[in-house]
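Trainee: heads up, no residue letters with this:
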Ligand code: TYM
């Protein structure tokens with residue numbers, strides 16, 4: 001069975017972009033593939049953070065995965081730091097990663113600039129090596145993510161290929177291994193709609209956890225009133241009617257796309273329904289569709305967080321399953337890289 005892995009950082013609240021770009025698609029994949037979904041807490045320490053908050057956010061993010069429909073009878077759910085192989089593989093891979101590959105990553109350039117350049121943590125630079133480790137550790141075939149992670153997955157592919165070339169094949173066989181390739185080369189899975197959900201206050205910027213204004217995003221756990229209020233106040237334009245794909249109307253395209261997904265309608269149905277609508281009629285329609293879609297998730301979330309022991313058991317079982325797969329990959333790599341193996 002082909003394997004799918006993905007994860008979300010436990011920083012701040014999970015928002016509609018994380019849900020529509022990633023988590024909602026994970027749920028659709030778990031029937032067809034072997035799936036592993038993790039909470040990437042090791043990635044969350046690359047920027048200054050609050051230690052109390054990290055612990056709480058990690059638990060809350062795990063609960064949200066389940067509330068959104070990740071089904072533990074099909075998927076393994078675990079915390080990245082509970083599977084030590086992620087950190088270990090990262091070190092091994094970093095020895096094959098040219099610094100130049102990391103220095104040119106868009107997210108590194110943006111985030112390190114915000115951190116004051118030279119003062120940024122080394123982990124911000126090596127972040128993509130850890131992400132590559134998360135993926136290749138499980139011999140993953142597919143990685144469902146939003147558009148902003150494309151470059152990171154490209155790097156994971158290049159790195160996997162490089163390690164296969166450096167250490168795989170006959171060289172590995174001579175060391176007593178099975179030969180062949182060490183890692184599978186993963187493919188990104190980026191949704192057609194929802195891959196880049198935009199800010200509610202600026203249709204040209206991505207919805208993000210780090211944007212200072214909470215008005216710019218819908219968090220999955222926002223109350224009904226707050227959702228209605230954020231939609232009521234979100235940025236629009238003064239064109240007549242509503243339409244997709246007009247470059248001069250980024251807000252309009254974004255809000256219609258969100259409506260399309262949460263209402264479960266086709267693009268054609270949305271065009272037909274909304275083409276002559278005013279913002280005054282569309283906004284309550286969108287707010288209601290969002291509330292209807294998110295309410296059951298919020299109810300399930302409350303039930304799951306009320307039972308701490310259950311959540312801990314889910315994460316512990318998930319980490320056990322993940323460790324089994326991860327250790328096999330690490331064993332092969334250590335052998336192929338020429339380490340003296342312990343009996
Ligand atoms: P993170 O935590 O920033 O985001 C989690 C997922 O949400 C998607 N996403 C969006 N999709 C659409 N519109 C948006 N506005 C939006 N904002 C975020 C992201 O693309 C992502 O899929 N480095 C990753 C986490 C990670 C990971 C991995 C993912 C670490 N290891 C291994 C996949 C596989 C990150 O910071 O995502």
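Mentor: Now that the structure is in, tell me what you want to look at. A quick note: this is a predicted structure, and the numbers were derived from the prediction, not measured.
Trainee: which residue packs closest to the residue in the stretch 101-250 of the chain positioned nearest to the ligand, ignoring adjacent ones?
Mentor: Of all residues in the stretch 101-250 of the chain, residue 146 sits closest to the ligand, at 2.4 Å by C-beta to the nearest ligand atom. For the C-beta atoms, the positions are set from N, CA and C on the backbone; glycine is no exception. The shortest distance from residue 146 to any non-neighbouring residue, by C-beta to C-beta, 6 or more residues apart in numbering, is to residue 21 (2.9 Å).
Trainee: and the one you found, how far from residue 169?
Mentor: 37 Å (C-beta to C-beta, to the nearest Å).
Trainee: check residue 320 too.
Mentor: Following C-beta to C-beta, the distance that separates residue 320 from residue 169 is 32 Å.
Trainee: what does residue 193 give?
Mentor: Using C-beta to C-beta, residue 193 is found at 41 Å from residue 169.
Trainee: repeat that for residue 115.
Mentor: For residue 115, the distance to residue 169 - C-beta to C-beta - is 41 Å.
Trainee: ok, back up a step: okay, residue 320 and residue 169: which has more neighbours?
Mentor: residue 169 (16 against 13; other C-beta atoms under 10 Å).
Trainee: excluding its backbone neighbours, what's nearest residue 204?
Mentor: Residue 204 sits nearest to residue 250 (C-beta to C-beta, 6+ apart), 5.4 Å away.
Trainee: verify the stated contact: the one you found with residue 203.
Mentor: Yes: taking contacts as C-beta atoms under 8 Å, residue 250 lies within contact range of residue 203: 3.1 Å.
Trainee: now list whatever residues contact both of those two.
Mentor: Applying C-beta atoms under 8 Å, 6 or more residues apart in numbering, one finds that no residue jointly contacts residue 250 and residue 203.
Trainee: as a whole number, average confidence for the host helix or strand of residue 89?
Mentor: In this structure, residue 89 sits in helix 85-94 according to DSSP states H and E. Average pLDDT, helix 85-94: 98.
Trainee: how is the chain divided into domains?
Mentor: The chain is divided into the following domains under automatic domain parsing: 3-195+308-336, 214-303.
Trainee: off-centre distance for the shortest one?
Mentor: Relative to the centre of its chain, domain 214-303 is centred 22 Å away, using C-alpha atoms, centre = their mean, to the nearest Å.
Trainee: what segments of the stretch 1-150 of the chain are strands?
Mentor: With DSSP state E, counting those that start in this stretch as the criterion, the stretch 1-150 of the chain has strands at 3-8, 34-39, 75-79, 142-144.
Trainee: who wins for proximity to residue 92 among these?
Mentor: Checking these against residue 92 by C-beta to C-beta gives strand 3-8 as the closest, at 18.3 Å.
Trainee: contacts for the closest one, please.
Mentor: For strand 3-8, contacts defined as C-beta under 8 Å, 6+ apart pick out 14, 18, 22-23, 26, 29-30, 33-40, 43, 61, 65, 80, 134-135, 138-145, 189.
Trainee: same for the helix-or-strand element of the chain with minimal mean pLDDT, what does it pack against?
Mentor: Least confident element among the helices and strands of the chain, by mean pLDDT, DSSP states H and E: helix 106-114 (a mean of 92). Packing partners of helix 106-114 (3 or more C-beta pairs under 8 Å, 6 or more residues apart in numbering; DSSP states H and E): helix 122-136, helix 150-167.
Trainee: want to try JSON lines for these, with mean neighbour count as columns?
Mentor: Converted to JSON lines, the helices and strands packed on helix 106-114 look like this (neighbours: other C-beta atoms under 10 Å):
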{"stretch": "helix 122-136", "mean neighbour count": "22"}
{"stretch": "helix 150-167", "mean neighbour count": "19"}
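Trainee: so where do the helices sit in this protein?
Mentor: Assigned by DSSP state H, the chain shows helices spanning 16-18, 24-29, 51-67, 85-94, 99-103, 106-114, 122-136, 150-167, 169-174, 224-233, 250-263, 267-274, 279-306, 308-336.
Trainee: and those: which comes nearest residue 209?
Mentor: Here helix 16-18 is closest among the helices of the chain (C-beta to C-beta), at 8.0 Å.
Trainee: is that closest one anywhere near the ligand?
Mentor: Yes: using C-beta under 6 Å from any ligand atom, helix 16-18 reaches the ligand at 17, 18.
Trainee: can you list contacts of that helix?
Mentor: Helix 16-18 is contacted by residues 8, 146, 196-197, 206-208, 217-220, 258, 290 when judged by C-beta under 8 Å, 6+ apart.
Trainee: which of those has the largest number of neighbours?
Mentor: Neighbour max across the contacts of helix 16-18 (other C-beta under 10 Å) = residue 218, 27 neighbours.
Trainee: distance-wise, check the residue lying closest to that one once chain neighbours are set aside relative to residue 231.
Mentor: In this structure, residue 218 finds its nearest non-sequential neighbour in residue 16, 4.3 Å apart by C-beta to C-beta, 6+ apart. The gap separating residue 16 from residue 231 is 11 Å, by C-beta to C-beta.
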